[in-house]
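Q: sequence and predicted structure, then a few things I'm wondering about:
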Amino acid sequence: MRCRACARTVTPSQTKDFCGLNFCKRCYDALELKNLEKKELQGYFLSLSTEDTTQLVEALVTIASKFHKREVDTILEECIKAIGGDILPPTDIFTFLLATKAVQESQGSQPLTSVGRLALLSVASKLASELMEARYGVPSLDENLSTYDLLKQGSELAKIGYETCAESLDQLEPSEYAEAIRRHLQGFVFMFELMFTTEEVNLSTVEEGIWMEFGEEVEKILLDTLGSEHVFHGWDELKDTFENLKPHFLENGIFLDISEEEYPGEIYLLVGEGEAFLTTQWEEIKKEVSSRDFDAFIDSLGEVPSFVYERAAGGVPPFQEFIEEALSENPENVDLILLYADLLNEQENPQEALHFLEKKSSDVPDPELLIELADLFNETDQPERALATYEKAAEMDPENWDILVFMGQTYEAMENVKKAGECYQRALDICPQNPVLVNLVIRTEIEAAIDDINQFISQEEYKRALKIIDRYFDPFDITPFHYYKGIVLSRMGESREALSLLTDYLDLYPEDEEGWLEKAGIYLELGQFAAAARCFKRCSMLDPYDIEPLVWEAMCHKKLGRSRFYKRCINAAKKIDPEGTKALLKELKFL
C-alpha cells in the first residue's frame, strides 16, 4: 500500500489510519494527524458528502483546517502550472479546486507545508474521482459505434467535466489566479466544441465558398472518387455524392449538414493537399486571375485557399508571376509579401525566400514580416540570425509575447535553457498568470538547474551540486532531485543515505534505468552483491538488448559463487552481442 500523502510504498506495520486513509508514519507525524480533531461538514462540503464520500470529505476538510486561508493562492498556483503543461482531464483540475475550497474555509493559522499540500491534493484527487463518477457515471461504450461517435461521446463528457470545474470555481473567492484558470477552462470547452463543429453545406455557404481541411485519408477518398477537380451538375448531384461520402467524413471528425436546395447550376469541388474548396464561383475566380483583378484577389486572401488561385493561374510558375504583378502594384501589402515568400519556400527555394523577405522587411517595417523571416532563419539552421530578427520584431511589437516564446523555443533548440527561461519570463511579465508561460518558466528553470547539477557532478564539485539540489529538494515530495541527491551523496561517500534516497525515487519512478544502475553501483561499493544483482536484473528488464547490466549481474553471481546464474547471464549477453560480451568480460576481469 502507498501513503496517501507522499505516495511511498509502506508496509502495514508502518501505516497509520486517518479517516479511513493510509499514511506513512513520517507523514502522519508531520501532519500531526493524531491530535487533529475531525471537523463537522457544512455548506458546500456537506452537499458533497454521500455514503461513499463522507470519509474523504471529512479528511480533506480536517487536514485543510490546520492551514491559513491565504494559502489558497499556493494551491491555485500549482493548478496554473499544471494546466499550462498538458491538457489536464477535468478530474485533475477539479482536484485543485476542491483542495483550494477546503483551505478557503479553514480557520487555521499555519503556513501550508509541502506534506500538507501533498496530502490535500491526494485526498482531493480521490474525492474528485468519486464525485465525477457519481455525477456522470462510467459511460458504457458500444463497440459498434464509429470512431467519430466514440470521439464525440468522449468529447461531450470532457466538455461537461470542464463545465463542472467552472461551477466549482464559482465557489472560490475572486482572484487573479482564479480568473486565469477560468479563462483556461473556457478555452478547453471551446476547443471541444470546435472539434465537432458541423459544416453547414447550403447554397449560401457554397456561393461564398466552403474551405475544408482534412487528413490524408479523406484526401485520398476524394481524389479516388471525384478527382482533383469535379463539377456537380446541380444541387441534387452534390447532395447525393456527399451523402454517400458522409461516413468517411464522419470517421475523420468532419460532420456535414447538407440542406435541400433548388439549384440547377454547376458547383465545383477542387481538391488540394489536405484541403478542398467547394464553390459556384470557380469560373469567376479564373477570370479574376486572367484579368489581373488584384483588388478582388487581395480581398479574398484568407477566404479562398491559395491552391485554388494557383490552379486558376495554371500552375505554380504562372501563379508566381501573378503575385509578382500584384506586388508591383501593391509593394507594401503584407499579406501578398507573406504569400509570395511561402510560395518560394514551398518550391524549395528557402534562400530566395530569405533574400526576398530580408529586403521586404527592411522596406516595409512590420512585425509579421520579421517573424516570418526569423522562422525561415530557423528552418535554414541560422538560429543566431533568427534570434536577432525576433528581437527586432519584439521591439516593434512589445506587447506580443508570442515573439518571446518563439525566441525561447529557438534557445531551447540550441540547448540553452537558461536563455530560453529568460525569454519565457519576459513573456510572462507581459501576460501574468498565463498557465502556459508559467509552466515554461518553471520547466526551463528546473532544466537549467539540472544542467548545472550534471556539470558540477562531472567536475566532481559535489558540494556545489548539492547546494543547487537543496534549493529544490523536498523530503516528502519525491522528484528527480531525490535521484540527483542520491548520486551526489554516493560520490561523497554517504552510501546509506544515498541508498535511501534512490530507493524512494525508484519506488515512484521504477522505469528509470539510470536510477537502478546508480543503486547497483552503491551496492557494489558496499559489497552487497546479491542486492546489486537484483538492480542489474531490473535494468535488463527495462532494456533487454543492453548487455552491460547482464554482464554486471553475471559478475555479481560469480562473486556469490552462483555459477549457474553466472552462466545464464553470460549466455544471454552472448546471444545479443557475442563480441561485445567478450570485450566487457575482459574489461571486468579484475572482479
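A: Received, thanks. No experiment lies behind these values; they were computed from the predicted model shown.
Q: secondary structure class of residue 219, three-state.
A: helix (DSSP: H, G, I helix; E, B strand; the rest coil).
Q: next up, the contacts around the closest residue to it other than its chain neighbours.
A: Among residues not flanking residue 219 along the chain, residue 274 sits closest, at 5.8 Å (CB to CB, 6 or more residues apart in numbering). In short, each C-beta sits where N, CA and C put it, glycine included. Contacts were defined as CB atoms under 8 Å, 6 or more residues apart in numbering; by that measure residue 274 touches 213, 214, 215, 216, 219.
Q: okay, residue 274: pLDDT?
A: As predicted, residue 274 sits at a pLDDT of 91.
Q: got the domain boundaries for this structure?
A: The chain is divided into the following domains under automatic domain parsing: 12-193, 197-280, 465-587.
Q: can you redo those as CSV with distance to residue 433?
A: Output for the domains of the chain, formatted as CSV (distance: least, CB to CB, whole Å):
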stretch, distance to residue 433
domain 12-193, 4
domain 197-280, 29
domain 465-587, 23
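Q: looking at these, which is nearest to residue 404?
A: Residue 404 lies closest, by CB to CB, to one member of the domains of the chain: domain 12-193, at 15.3 Å.
Q: looking at the closest one now, give me its mean pLDDT.
A: Here the average pLDDT along domain 12-193 is 88.
Q: quick one: end-to-end distance for that domain.
A: Distance across domain 12-193, first residue to last, is 48 Å (CA to CA, to the nearest Å).
Q: residue 382: which of the domains of the chain is closest?
A: domain 197-280 (27.5 Å).
Q: how far off centre is that closest one?
A: 34 Å (CA atoms, centre = their mean, to the nearest Å).
Q: cool, and stretch 109-120?
A: Centre-to-centre, stretch 109-120 and its host chain are 27 Å apart (CA atoms, centre = their mean).
Q: now do the buried residues in it.
A: By neighbour count with 16 or more other CB atoms under 10 Å, stretch 109-120 contains the buried residues 112, 113, 115, 116, 117, 118, 119, 120.
Q: that stretch spans what distance, first to last residue?
A: Stretch 109-120: ends 16 Å apart by CA to CA.
Q: what of stretch 72-92?
A: Taking CA to CA, stretch 72-92 runs 17 Å from one end to the other.
Q: now that stretch: how far from the chain's centre is it?
A: What separates the centre of stretch 72-92 from the centre of its chain is 13 Å, taken as CA atoms, centre = their mean.
Q: which residues touch it?
A: Applying CB under 8 Å, 6+ apart, the contact partners of stretch 72-92 are 93, 96-97, 99-100, 103-104, 112, 117, 120-121, 125, 128-129, 132, 158, 161-162, 164-165, 172-173, 175, 177-178, 180-181, 184, 188, 433-440, 442-443.
Q: quickly note the distance from residue 385 to residue 394.
A: Distance of residue 385 to residue 394, computed by CB to CB, to the nearest Å: 15 Å.
Q: flag the shaky bits of the stretch 401-550 of the chain, pLDDT-wise.
A: Within the stretch 401-550 of the chain, not a single segment meets pLDDT under 70.
Q: all helices of it, in order?
A: 401-413, 417-430, 435-458, 462-472, 480-491, 495-508, 513-525, 529-542, 547-559 (DSSP state H, counting those that start in this stretch).
Q: before we move on, what about the stretch 101-250 of the chain?
A: Using DSSP H, counting those that start in this stretch, helices in the stretch 101-250 of the chain cover 114-136, 147-169, 176-195, 203-208, 216-226, 235-251.
Q: and those: which comes nearest residue 337?
A: Going by CB to CB, the one of those nearest residue 337 is helix 203-208, 26.2 Å.
Q: the residue most central in space within the chain: what secondary structure?
A: Geometric centre of the chain, nearest residue: residue 86, 3.7 Å, by CA atoms, centre = their mean. Per three-state DSSP, the secondary structure class of residue 86 is coil.
Q: perfect, that will be all.
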